[in-house]
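> Here is my input; please provide its structure:
(2 chains)
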Amino acid sequence: MIRSELIQKLSEENPHLYQRDVERIVNAIFEEIIDALSNGDRVELRGFGAFSVKKRDSRTGRNPRTGESVEVDEKHVPFFKAGKLLRDRLNGHGG
Amino acid sequence: MSGKTLTRMDLSEAVFREVGLSRNESAALVERVLELMSDSLVESGQVKISSFGTFSVRSKSARMGRNPKTGEEVPILPRRVLTFRPSHLMKDRVAEGNRRG
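A predicted model of the protein is given here:
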């Protein structure tokens, strides 16, 4: 499934909503998650999973082409862990 | 870094602010988005949300594991795991927002 199919499906299920409003709703949800992570917050969606931010320490990397060493600054990266219910469903238990 | 934890309630609130729906209906829509994504992952193994990221299901084969406490060998059954690959946009915004935290 891709974003447009998700919007399509939701629109079909909610004929009283304009498709452009369904788009705004879907955008608002994903936008809120990115915003939270940008602020260093977590987003925990029981059953589905949790989004968080992990810190990667600075390190000395190497340019794979030239072999030259380069300092890589510390950085923060998004991380997702699937929730128990979804993990169980993927493995054929429950729902 | 403020270190708060947001939940479904905060996502519903964002939907509520965005369009003129009731709080109940906003919450129901958030729930439905999560359900549709979960169903699609169980059935087809992939959900791609442009400018957000891609969720994919990968199959892991069986292997021998070890109970770290007792040292005992235990078989780990084949299973399906879910991974998330954030989009470049998400990675950039998260890196930028948390710089010099």
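> and the longest helix belonging to chain B, what's its mean pLDDT?
Identified as the longest helix of chain B according to DSSP state H is helix B:23-44. Mean pLDDT, computed over helix B:23-44, is 97.
> And for stretch A:64-74?
Mean predicted confidence for stretch A:64-74 is 90.
> end-to-end on that stretch?
19 Å (C-alpha to C-alpha, to the nearest Å).
> Kindly report the same for stretch A:10-25.
Start-to-end span of stretch A:10-25 (C-alpha to C-alpha) is 10 Å.
> For that stretch, list every residue counted as buried.
A:Leu10, A:Ser11, A:Asn14, A:Leu17, A:Asp21, A:Val22, A:Glu23, A:Arg24, A:Ile25 (16 or more other C-beta atoms under 10 Å in any protein chain shown). (C-beta placed from N, C-alpha, C; glycine too.)
> is it up against chain B anywhere?
Yes. Using C-beta under 8 Å from any C-beta of the partner chain, stretch A:10-25 comes into contact with chain B via A:Leu10, A:Glu13, A:Asn14, A:Asp21, A:Arg24, A:Ile25.
> okay but the last one is in contact with B:Val15, surely?
So the one you mean is A:Ile25. Yes. Look at A:Ile25 against B:Val15 with C-beta atoms under 8 Å: they come within range, at 5.2 Å.
> what residues are shared contacts of the two?
Counting by C-beta atoms under 8 Å, 6 or more residues apart in numbering or on different chains, the contacts common to A:Ile25 and B:Val15 are B:Leu21, B:Ser26, B:Leu29.
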